[in-house]
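# Here's my sequence, what's the structure:
(2 chains)
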Amino acid sequence: RKEVEQDPGPFNVPEGATVAFNCTYSNSASQSFFWYRQDCRKEPKLLMSVYSSGNEDGRFTAQLNRASQYISLLIRDSKLSDSATYLCVVTLYGNKLVFGAGTILRVKS
Amino acid sequence: NAGVTQTPKFQVLKTGQSMTLQCAQDMNHNSMYWYRQDPGMGLRLIYYSASEGTTDKGEVPNGYNVSRLNKREFSLRLESAAPSQTSVYFCASSELSGGLNEQFFGPGTRLTVL
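Numbers count the residues shown, from 1 in each chain, chains lettered A, B, ... in the order given. Model (predicted):
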């Protein structure tokens, strides 16, 4: 079983739509949680950290459910520029990150 | 600031050839990492260096060696390239701050082994 699992998609949505991605992780000792964004043929970049209390950054909302070992990302009012691959990432210990394979989002006009 | 730089951007090797991928960061970070990214598999950690003078194996270290030359530079060496090492290689650096370990990535090296 992969340590971090994501639906690969692609999710094809129209501009202005709300879309949600989910991610599950297998190790209950995981300590920190993140969403990274990766544009086509580019490097990953941190989108936001994820906290149990939930956190919001503009149109993006991230949620963590430790009991279910589940992380979500909600994007409201999708823009064409949101088209990318979204990577779910957890830290088991120290500085080592474990990446999911990513979910592809395509926003169409 | 350039952030994290990697050279070369592209490389084609024949089976058995060797090469070194270079990485440098100008953010004064202590930790540096090498990942490979293959389709459908996400990024996998090859080696990392928590601080200058230390290196440790990650998830997929076989066939690779690393050198933390100084605080800025962390190189990855393929001694005898194999087709299974065809991949995109990313270098990253980070500094733990307030519990957040944001890793900053270089632009990647696209390697093909024939």
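# Just after the lowest-mean-pLDDT helix or strand in chain A, pick out the following helix or strand.
Least confident helix or strand of chain A, by mean pLDDT, DSSP states H and E, is strand A:97-99 with a mean of 90. Going down the chain from strand A:97-99, the next helix or strand is strand A:103-108, by DSSP states H and E.
# Can you show me the strands along chain B?
All strands of chain B, identified by DSSP state E, fall at B:4-7, B:10-13, B:19-25, B:31-38, B:42-49, B:56-57, B:64-68, B:74-78, B:87-94, B:103-105, B:109-113.
# Could you dump those into CSV and include mean neighbour count?
Any C-beta I mention is one placed from the backbone N, CA and C, and that applies to glycine too. Shown next, in CSV, are those (neighbours: other C-beta atoms under 10 Å in any protein chain shown):
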stretch, mean neighbour count
strand B:4-7, 18
strand B:10-13, 14
strand B:19-25, 19
strand B:31-38, 24
strand B:42-49, 22
strand B:56-57, 13
strand B:64-68, 18
strand B:74-78, 20
strand B:87-94, 24
strand B:103-105, 23
strand B:109-113, 18
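# Which positions in chain B make contact with chain A?
Residues of chain B lying close to chain A (C-beta under 8 Å from any C-beta of the partner chain) are B:31, B:33, B:35, B:40-45, B:48, B:50, B:58, B:90, B:94, B:96, B:99-103, B:105-108.
# related to what we said a few turns ago, columns mean pLDDT on top of the strands of chain B, output as JSON lines?
Shown next, in JSON lines, are these (pLDDT from 0 to 100):
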{"stretch": "strand B:4-7", "mean pLDDT": "97"}
{"stretch": "strand B:10-13", "mean pLDDT": "97"}
{"stretch": "strand B:19-25", "mean pLDDT": "98"}
{"stretch": "strand B:31-38", "mean pLDDT": "96"}
{"stretch": "strand B:42-49", "mean pLDDT": "94"}
{"stretch": "strand B:56-57", "mean pLDDT": "94"}
{"stretch": "strand B:64-68", "mean pLDDT": "97"}
{"stretch": "strand B:74-78", "mean pLDDT": "98"}
{"stretch": "strand B:87-94", "mean pLDDT": "96"}
{"stretch": "strand B:103-105", "mean pLDDT": "93"}
{"stretch": "strand B:109-113", "mean pLDDT": "97"}
